[in-house]
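>>> Predicted model and sequence follow; I will ask about them next.
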Amino acid sequence: MAPPGERQVTGPSRILVVRTDRLGDVILTLPVFSHLRRRFPEARLVLLAGRYAGAIVAGSPQVDEILWYDGPERILPLRAVTRMLRAGRFDAAVVVHPTARLALAVFLAGIPVRIGTGYRWYSFLFNRRVFTHRKTAERHEAEYNVALLGALGCDTAMRKPLEAHLVIPAGAQESIAARLRAAGIAGDFAVIHPGSGGSAREWPQESFAALAGRIAAGLSLPVVTTGTAREIPVAEAVARGGGPRGVSFAGALTVQELAALIARASLVIGNSTGPLHLGTAFGVPVLGFYPRIPVMGPGRWGPYTENARVLVADGPPDCDECDGAPGTPCACMARISVERAYAAAAELLARRAITEHPSTHE
């Protein structure tokens with residue numbers, strides 16, 4: 001039952017989902033739309049997101065509309081965000097990524113049902129509060145996101161693999177096909193994303209470069225590296241590790257082109273970042289590197305699929321060596337050996353070959 005004086009939401013016609021942070025975060029929010037669509041098949045489902053990450057959702061059959069939280073250069077003023085949300089005439093808002101500013105925006109927009117965490121100082125701005133501590137990392141991020149929907153009477157059960165329903169525009173597919181042809185890549189290849197945009201603990205650049213060389217030589221697989229414009233030097237260094245079979249596309253791809261590249265790959269390798277979750281969304285085998293810190297570990301941020309391997313250095317959780325900021329060198333990450341990573345990559349590729357050609361392995 002809804003609290004006294006609050007409108008009962010038995011069949012909302014317009015539902016807003018708020019997730020304005022990074023690419024991986026948005027991808028891990030997409031199961032929210034699948035659950036909402038099953039519970040409210042006639043409702044209009046709208047995403048509020050940042051332009052870069054939100055662009056990955058364009059064309060999805062699960063998302064009816066995307067509202068942009070930012071302009072070409074900066075986040076929109078609060079007044080503009082509030083005005084936009086008020087014009088949307090939403091029945092309910094699910095604030096998956098909580099900040100005080102976003103909580104205030106949905107409150108000021110007059111959205112009748114506002115769902116969010118119950119553990120922040122600004123939680124009074126939500127009138128359907130969900131009391132889960134994400135910092136304990138007892139669930140996966142995708143499961144935390146879907147758990148919010150219990151406040152709307154949705155089934156919150158989750159199963160792997162991740163429900164994403166992403167659609168790649170034809171133009172992005174054609175662009176990547178042309179880039180791969182120009183690079184002399186006609187068949188299978190691996191994608192290595194060695195950076196994290198400062199959002200995660202990172203496996204050393206030198207280890208990624210050595211792994212690229214092992215994959216190119218030992219598995220006869222070309223290596224394509226990716227990254228942001230700021231990560232071009234790192235991506236190029238890792239690509240050089242692959243020798244003549246290594247090429248960098250860093251700083252040159254839109255998010256849709258990145259998706260098109262990853263969807264074609266035989267294997268995706270990286271730190272705890274968006275490309276790993278893109279690989280999961282497209283059913284590509286993924287290999288990820290994670291620290292021993294539970295709140296940053298694979299239990300919460302790992303690939304939401306069985307078609308993955310995650311490598312974590314041995315040792316106790318929350319070690320003193322991991323006190324630095326994300327994106328900085330981490331001694332425990334450095335102890336994940338190239339040999340372990342190569343063995344995991346070879347295992348994933350062998351498993352993929354058996355799945356795609358079962359008759360040849362009987």
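Everything's here; your move.
>>> now the helices for the stretch 251-362 of the chain?
With DSSP state H, counting those that start in this stretch, the ranges of helices along the stretch 251-362 of the chain come out as 255-264, 274-281, 298-301, 331-334, 338-356.
>>> contact partners of the first one?
Okay, so that is helix 255-264. Contact with helix 255-264 is made by 23, 52-53, 55-56, 58, 166, 168-169, 171-173, 175-176, 179-180, 189, 191, 224, 226, 249, 253, 268, 275, 278-279, 282, 284, as judged by C-beta atoms under 8 Å, 6 or more residues apart in numbering. Every C-beta, even on glycine, is put in place using the N, C-alpha and C of the backbone.
>>> Where strands are concerned, which of these count?
191, 224, 268 (DSSP state E).
>>> Quick one: these as a markdown table, columns for neighbour count and pLDDT too.
What follows is those, written out as a markdown table (neighbours: other C-beta atoms under 10 Å; pLDDT from 0 to 100):
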| residue | neighbour count | pLDDT |
| --- | --- | --- |
| 191 | 24 | 98 |
| 224 | 28 | 98 |
| 268 | 28 | 98 |
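>>> Can you get me a residue count around the closest residue to residue 82 other than its chain neighbours?
Spatial nearest neighbour of residue 82, chain neighbours left out: residue 108 (4.5 Å); criterion: C-beta to C-beta, 6 or more residues apart in numbering. Residues lying near residue 108 (other C-beta atoms under 10 Å) number 16.
>>> Residue 170 now?
Counted with other C-beta under 10 Å, the neighbours of residue 170 add up to 9.
>>> Pick the one among the ones in strands among the contacts of helix 255-264 closest to residue 128.
The closest of the ones in strands among the contacts of helix 255-264 to residue 128 turns out to be residue 268 (C-beta to C-beta; 36.6 Å).
>>> wait, isn't the closest one in contact with residue 274?
No - applying C-beta atoms under 8 Å as the test, residue 268 and residue 274 come out as separate, 10.6 Å apart.
>>> Residue 333 and residue 178: what is the separation?
For residue 333, the distance to residue 178 (C-beta to C-beta, to the nearest Å) stands at 36 Å.
>>> Which of the two has more residues huddled nearby?
Between residue 333 and residue 178, counting by other C-beta under 10 Å, residue 333 is the more crowded of the two (23 against 10).
>>> residues contacting the more buried one?
201, 202, 203, 204, 289, 291, 313.
>>> can you count the residues close to residue 289?
Neighbours of residue 289 under the rule other C-beta under 10 Å: 28.
>>> Sorry, wrong one. I was asking about residue 308.
Residue 308: 22 surrounding residues under other C-beta under 10 Å.
>>> can I assume it is in contact with residue 286?
Yes - using C-beta under 8 Å, residue 308 makes contact with residue 286 at a distance of 4.7 Å.
>>> shared neighbours of these two, anything?
276, 280, 348.
>>> rewinding a little: return the member of the ones in strands among the contacts of helix 255-264 nearest to residue 130.
For the ones in strands among the contacts of helix 255-264, the minimum distance to residue 130 (C-beta to C-beta) is 31.9 Å, reached by residue 268.
>>> Poorly predicted segments of the stretch 101-250 of the chain, please.
Scanning the stretch 101-250 of the chain for pLDDT under 70 picks out nothing.
>>> mind listing the strands in it by residue range?
Taking DSSP state E, counting those that start in this stretch as the criterion, the stretch 101-250 of the chain contains strands spanning 113-117, 128-130, 190-193, 223-225, 246-248.
>>> in its sheet, what does the longest one sit against?
Here strand 113-117 has these sheet partners by DSSP bridges: strand 92-95 (parallel), strand 128-130 (parallel).
>>> picking up where we left off before, and the contacts of helix 255-264, which are buried?
23, 53, 55-56, 166, 168-169, 172-173, 175-176, 179-180, 189, 191, 224, 226, 249, 253, 268, 275, 278-279, 282, 284 (16 or more other C-beta atoms under 10 Å).
>>> right, and the strands paired with strand 113-117 - which one's nearest residue 147?
Nearest of these to residue 147, taken as C-beta to C-beta: strand 128-130 at 6.5 Å.
>>> How far does that closest one sit from its chain's centre?
How far strand 128-130 lies from its chain's middle: 24 Å, per C-alpha atoms, centre = their mean, to the nearest Å.
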